[in-house]
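> could you look at this predicted model? Sequence included:
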Amino acid sequence: MSGKSKVVVIRHIGDEALGIIQANPNIDLVLWKEDTQAPRSWILENIKGASGILVVMGEPVTRELVDAAGPSLKVVSTMSVGYEHVDQPLLAQHKIRLGFTPDVLTEAVADITVMLAFMASRNVGETLAIVQEGKWSTVPWSPFLFTGPQLSISGPSNPSARTRLTAGFLGFGRIAQATLHRLIAFGVTDVLFTARSDSSKVSQEILDKYPTLHSVKQASNDELAAGSDVVFVLTPGGKETYHLVGEEFLKKMKSNAVLVNTARGTCVDSDALAKALKEKWIWAAGLDVVEGEPNISADHPLVKEPRAVILPHIGSATTETRVGMATRAARNIVAGVLGEKMEAEVDLSRFKSTV
Ligand code: NAP
């Protein structure tokens, strides 16, 4: 026994982040060195007697893992802002702390969120495929070919253009508000959002911040579905938001509205969305996340829909952001193991300790 605290890192998260852990003389780093997901069996074997484990999105932090670690486990650090893969009541019960990586990824995900809204509304999925398949000559320019709804305000030069544009946010946290910040430049006039608690103060703050907005209103899911020209799903994943957008929601949306999901695949019922697109209940969808990812084959009902633009979960995938997430996760685990304040810690106090 070295007398040092063992920290298990289940993926190579870059030299800069690993250096932060290795620099601490009181920590023994056990690393899965391959650039692949560590096998579960390796994790369960190596976590025995560990003080901390650094995981990435999707690795289940369950009773099996906590039991394998034993009573030494003090901290779990996830390199993600979402933590639905972590059994939070279990960690609370065992007084294990949970670090995560909010903020550093907000801007990168907001960029992709806006990009997907425009890609979907402007038929980029379908039209890009035409170019890539060498079929451009079969679809020469014509006045209304490939037209879609415009997600910006045109100004007085075009009397046919819309004068109001409503953005709806299911969940109005960091990424949602950074998305709105970008949309202000495109002339969004009205905002609807949902939240778990009364957020009238938030509405006023947003109105004060963006004087060009006509209204900012907390709404029910139904009101938001019916009133929005573009709906952004930006809640956490997990049981509470499972199929938040399903048939009922989609049927209430405007027929020329766009749905964007950059949160978690489970928030949107894929079968219902495929049906909505096929039967034209809504205009299009932009998705960075899909239920059951990454096992999404070419014959998946959504992949087959020409008006679904699907990206393989690249919301936070800028080099700067991923380094920022990895280093934050590394600093979190070091602080957690040493019993110090973490840069970003999930508040687990709402789960009553039963120990
Ligand atoms: P955040 O600041 O915590 O925002 C989430 C918001 O959703 C909070 O305001 C929360 O309100 C609200 N909320 C929670 N449950 C809700 C419900 N049932 N109905 C309505 N609103 C609800 O988190 P964030 O940093 O913006 O991230 C949002 C999510 O984006 C993450 O949880 C993650 O799943 C996803 N994400 C995806 C990517 C990607 O690569 N595509 C990258 C990063 C994050 P309360 O204050 O009431 O909790």
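That came through, no problem.
> okay, now the residue in the chain that the ligand sits nearest to: neighbour count?
When scored by Cβ to the nearest ligand atom, the chain has G173 as its residue closest to the ligand, at 1.8 Å. Yep, even glycine has a C-beta here, placed from its N, CA and C like the rest. When neighbours are counted by other Cβ atoms under 10 Å, G173 registers 17.
> next, the contact list for the closest residue to it other than its chain neighbours, please.
Excluding the flanking residues, the one nearest G173 by Cβ to Cβ, 6 or more residues apart in numbering is L234, at 6.6 Å. Contact partners of L234, counting by Cβ atoms under 8 Å, 6 or more residues apart in numbering, are 113, 169-173, 175-176, 179, 262-263.
> please enumerate the strands of this structure.
Assigned by DSSP state E, the strands in the chain fall at 5-9, 27-31, 52-56, 75-79, 97-99, 166-170, 190-194, 215-218, 230-233, 258-261, 284-287, 308-310.
> dump the ones you listed into JSON lines; add distance to L183, mean pLDDT and mean neighbour count as well.
Output for the strands of the chain, formatted as JSON lines (distance: least, Cβ to Cβ, whole Å; pLDDT from 0 to 100; neighbours: other Cβ atoms under 10 Å):
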{"stretch": "strand 5-9", "distance to L183": "38", "mean pLDDT": "98", "mean neighbour count": "24"}
{"stretch": "strand 27-31", "distance to L183": "41", "mean pLDDT": "97", "mean neighbour count": "17"}
{"stretch": "strand 52-56", "distance to L183": "30", "mean pLDDT": "98", "mean neighbour count": "26"}
{"stretch": "strand 75-79", "distance to L183": "28", "mean pLDDT": "98", "mean neighbour count": "28"}
{"stretch": "strand 97-99", "distance to L183": "31", "mean pLDDT": "98", "mean neighbour count": "23"}
{"stretch": "strand 166-170", "distance to L183": "6", "mean pLDDT": "98", "mean neighbour count": "26"}
{"stretch": "strand 190-194", "distance to L183": "9", "mean pLDDT": "98", "mean neighbour count": "23"}
{"stretch": "strand 215-218", "distance to L183": "12", "mean pLDDT": "98", "mean neighbour count": "18"}
{"stretch": "strand 230-233", "distance to L183": "8", "mean pLDDT": "99", "mean neighbour count": "28"}
{"stretch": "strand 258-261", "distance to L183": "11", "mean pLDDT": "99", "mean neighbour count": "29"}
{"stretch": "strand 284-287", "distance to L183": "14", "mean pLDDT": "98", "mean neighbour count": "27"}
{"stretch": "strand 308-310", "distance to L183": "18", "mean pLDDT": "98", "mean neighbour count": "24"}
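> would you turn the ones you listed into TSV with distance to the ligand?
Putting the strands of the chain into TSV (distance: least, Cβ to the nearest ligand atom, whole Å) gives the following:
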stretch	distance to the ligand
strand 5-9	20
strand 27-31	24
strand 52-56	12
strand 75-79	11
strand 97-99	14
strand 166-170	6
strand 190-194	4
strand 215-218	10
strand 230-233	9
strand 258-261	8
strand 284-287	9
strand 308-310	12
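> for the residue of the chain closest to the ligand, give me the pLDDT.
Per-residue pLDDT puts G173 at 98.
> what does P25 give?
Here the pLDDT value assigned to P25 is 96.
> can you tell me how far it is from V216?
The gap separating P25 from V216 is 51 Å, by Cβ to Cβ, to the nearest Å.
> now G19
From G19 across to V216, the span is 44 Å (Cβ to Cβ).
> and what of E34?
From E34 to V216 the distance is 48 Å (Cβ to Cβ).
> check T235 too.
Relative to V216, T235 is positioned 18 Å away (Cβ to Cβ).
> skipping adjacent residues, who's closest to L65 in space?
I47 (6.4 Å).
> over to the one you found: give its phi and psi.
For I47, the backbone dihedrals (degrees, to the nearest 10) come out as phi -80, psi -10.
> and E293, how many neighbours does it have?
By other Cβ under 10 Å, the residues close to E293 number 17.
> OK, contacts around it?
265, 312-313.
> any idea how far it is from G315?
12 Å.
> please apply the same query to I282.
21 Å.
> close to the ligand: what parts of the stretch 151-300 of the chain are there?
170-176, 194-197, 234-237, 240-241, 262-264, 288-289 (Cβ under 6 Å from any ligand atom).
> pull out the buried members of these.
Taking 16 or more other Cβ atoms under 10 Å as the criterion, what is buried in those is 170-176, 194-195, 234-235, 237, 241, 262-264, 288-289.
> and the helices in the stretch 151-300 of the chain?
Using DSSP state H, counting those that start in this stretch, the helices of the stretch 151-300 of the chain run over residues 174-184, 200-209, 221-227, 247-252, 270-278.
> just say which of the ones you listed is most tucked in.
Highest mean neighbour count of these: helix 174-184, a mean of 21 (counted as mean count of other Cβ atoms under 10 Å).
> put the alpha carbons of that one into PDB.
Only the C-alpha atoms of helix 174-184 are listed here, as PDB (Å, rounded to 0.1, in the frame of the first residue of the first chain):
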ATOM      1  CA  ARG A 174     -27.500  27.900 -19.200                       C
ATOM      2  CA  ILE A 175     -27.500  26.500 -22.800                       C
ATOM      3  CA  ALA A 176     -31.000  27.700 -23.500                       C
ATOM      4  CA  GLN A 177     -30.200  31.300 -22.500                       C
ATOM      5  CA  ALA A 178     -27.000  31.200 -24.500                       C
ATOM      6  CA  THR A 179     -29.000  30.000 -27.500                       C
ATOM      7  CA  LEU A 180     -31.500  32.900 -27.000                       C
ATOM      8  CA  HIS A 181     -28.500  35.300 -26.800                       C
ATOM      9  CA  ARG A 182     -27.500  34.200 -30.300                       C
ATOM     10  CA  LEU A 183     -31.100  34.300 -31.600                       C
ATOM     11  CA  ILE A 184     -31.600  37.900 -30.600                       C
END
